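> Dropping the sequence and predicted coords here.
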Amino acid sequence: MQFELQHTDKDSSARAGKITTDHGEILTPIFMPVGTVGSVKGLHFKELEDDVRAQIILGNTYHLYLRPGLEVLQAAGGLHKFNGWNRPILTDSGGFQVFSLAQNRKLTDEGATFSSHIDGSKHLFTPEKVVDIQRIIGSDIMMAFDECPPGDSDFGYAKKSLELTLKWLQRGLARFDATEPLYGYSQTFFPIVQGAAHRELRIRSAEFIANLNREGNAIGGLAVGEPTEVMYEMVELVNGILPADRPRYLMGVGTPANILENIALGVDMFDCVMPTRNGRNGMIFTANGTINLRNEKWRLDFSPLDPDGTSFVDSRYTKAYVRHLFISGEMLGPLIASQHNIAFYLWLVGEARKHILDDTFAQWKNEMVKKVSTKL
């Protein structure tokens, strides 16, 4: 993987760059639709490629390991061939899912023992095994196995968690460097900065990871319950330490306003389930704010989904019509809303990139944060 830093905004730390993988280029800043089990919920890949223009999607090691399983994925020749997505894929290591979904989990220096949330079967994830799983999945970018402590973790818990995460990181890197890709194209490995909301721990983690000199780095353990201001403080702190010539990925974030503010702090890559999850529940993101389509006020609104009249899906779909689909329990409603929201998120980061390249990002960002934070 290669990263070219193309421009930094003159009035902020916002960056425009280009990531090159064997499955294609990614122009940053970028939002990655979440395809947890190898699919982005509610969207065909043709829609993602042609209408939404997604450049990369995310898969999850924990979920893919449980279903369809490693035998199926390896027999298929990896996830790209299994699901037919021919652009880059990033896989989360499954650490967050082990600690949030799995039952009866137990942490040791060796790894994490857990029971599947699907059938209760017992499993062990070690740093080495998680690398092996991601080799079989065949993602272009794989993540280190880490523990994601709660956002309100006290210093003692967060320190112990970080020490375990750094031990696991060293073992995962050793396994990655000692093994080869399985399907004839390259893979890369991102370490993850942890440390909860504690500056001392975040600095220690970021300095340790910066010295590893990997091709890209991630920031984890934020947007998990801590105040938004604390998230921004931690991101700014960490980005002042991580190397500027490598992409920075902020995991699991967030709202449109969160994304814009973190772009201003120097983040390049984002993912979040919010566009599709909220879309399935009738929330539409637009350039002027959010809309709850289930509200009565949209019943006779025959304008396109975006208030400016620029719809991110087929403009024939009006607020009144899509609201009718939700109220009627028709599955087309959540599908339209999900596609619209993913397209909006990708439009938003695309506009951010244009303004970074034009050195007009800071003022535009301040105006857009107010707009996208409005409830219509």
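Structure's in. What do you need?
> biggest helix in the protein, by residue count?
Criterion DSSP state H: the longest helix present in the chain is helix 332-357.
> Specify the angle between the helix or strand just after it and helix 332-357 in degrees.
Per DSSP states H and E, helix 332-357 leads on to helix 361-372 as the next helix or strand towards the C-terminus. Helix 361-372 runs at 160 degrees relative to helix 332-357, counting by axes from the mean of the first three to the mean of the last three Cα atoms, to 10 degrees.
> Neighbours of L66, how many?
Neighbour count of L66, defined by other Cβ atoms under 10 Å: 21. Every C-beta, even on glycine, is put in place using the N, C-alpha and C of the backbone.
> quick one: contacts for it?
Residues in contact with L66 (Cβ atoms under 8 Å, 6 or more residues apart in numbering) are 116, 118.
> how much space is there between it and I118?
6 Å (Cβ to Cβ, to the nearest Å).
> Same check on R246?
Computed with Cβ to Cβ, the distance linking R246 and I118 is 36 Å.
> G254 too?
From G254 to I118 the distance is 28 Å (Cβ to Cβ).
> Of these two, which one has the most company?
Neighbours per residue (other Cβ under 10 Å) separate G254 from I118, with G254 holding more: 18 against 11.
> And D308, what's its pLDDT?
Reported pLDDT at D308 in the predicted model: 65.
> Could you do the one 5 residues further on as well?
On pLDDT, V313 comes in at 76.
> Verify the contact between it and G42 for me.
No. V313 is beyond contact range of G42, at 11.7 Å (criterion: Cβ atoms under 8 Å).
> More neighbours: which of the two?
V313 (23 against 19).
> which one is G252 nearest to, not counting chain neighbours?
Spatial nearest neighbour of G252, chain neighbours left out: A223 (5.5 Å); criterion: Cβ to Cβ, 6 or more residues apart in numbering.
> you'd agree A352 is up against E261?
No. Contact criterion Cβ under 8 Å: A352 and E261 do not qualify, at 11.0 Å.
> which residues do the two both contact?
Between them, A352 and E261 share the contacting residues K365, judged by Cβ under 8 Å, 6+ apart.
> how many neighbours does D109 have?
10.
> Identify the residues contacting it.
So D109 contacts 164, 167 (Cβ under 8 Å, 6+ apart).
> cool, R277 as well?
Contact analysis of R277 by Cβ under 8 Å, 6+ apart lists nothing.
> going forward, begin numbering at 523 instead of 1
With the count now opening at 523, the last piece we talked about shows up as R799.
> Tell me the secondary structure at it.
helix (DSSP: H, G, I helix; E, B strand; the rest coil).
> Tell me the spacing between it and K681.
Distance of R799 to K681, given as Cβ to Cβ: 33 Å.
> Next: Q861.
Counting by Cβ to Cβ, the gap from Q861 to K681 is 43 Å.
> same thing with E669?
Applying Cβ to Cβ, the value for E669 to K681 is 12 Å.
> So for the two, which sits in the more crowded spot?
E669 (22 against 18).
> coming back round to it: of A874 and E783, which one has the most company?
More neighbours surround A874 than the other of A874 and E783, with 25 against 22 (other Cβ under 10 Å).
> In contact with that one, which residues?
Contact partners of A874, counting by Cβ under 8 Å, 6+ apart, are 536, 551, 782, 785, 883, 886-887.
> Quickly list what F636 is bridged to.
H645 (DSSP bridges).
> Does Y584 lie in a helix or a strand, and which?
Using DSSP H and E, Y584 falls within helix 583-588.
> give me the number of residues near T543?
Other residues near T543 number 21, with proximity taken as other Cβ under 10 Å.
> what about stretch 748-756, distance to the chain center?
18 Å (Cα atoms, centre = their mean, to the nearest Å).
> And stretch 741-761, by the same measure?
On Cα atoms, centre = their mean, the centre of stretch 741-761 falls 15 Å from that of its chain.
> Could you tell me the end-to-end distance of it?
End-to-end span of stretch 741-761 (Cα to Cα, to the nearest Å): 9 Å.
> List the buried residues in it.
Neighbour-count burial for stretch 741-761 flags 741-746, 748, 753-761 (criterion: 16 or more other Cβ atoms under 10 Å).
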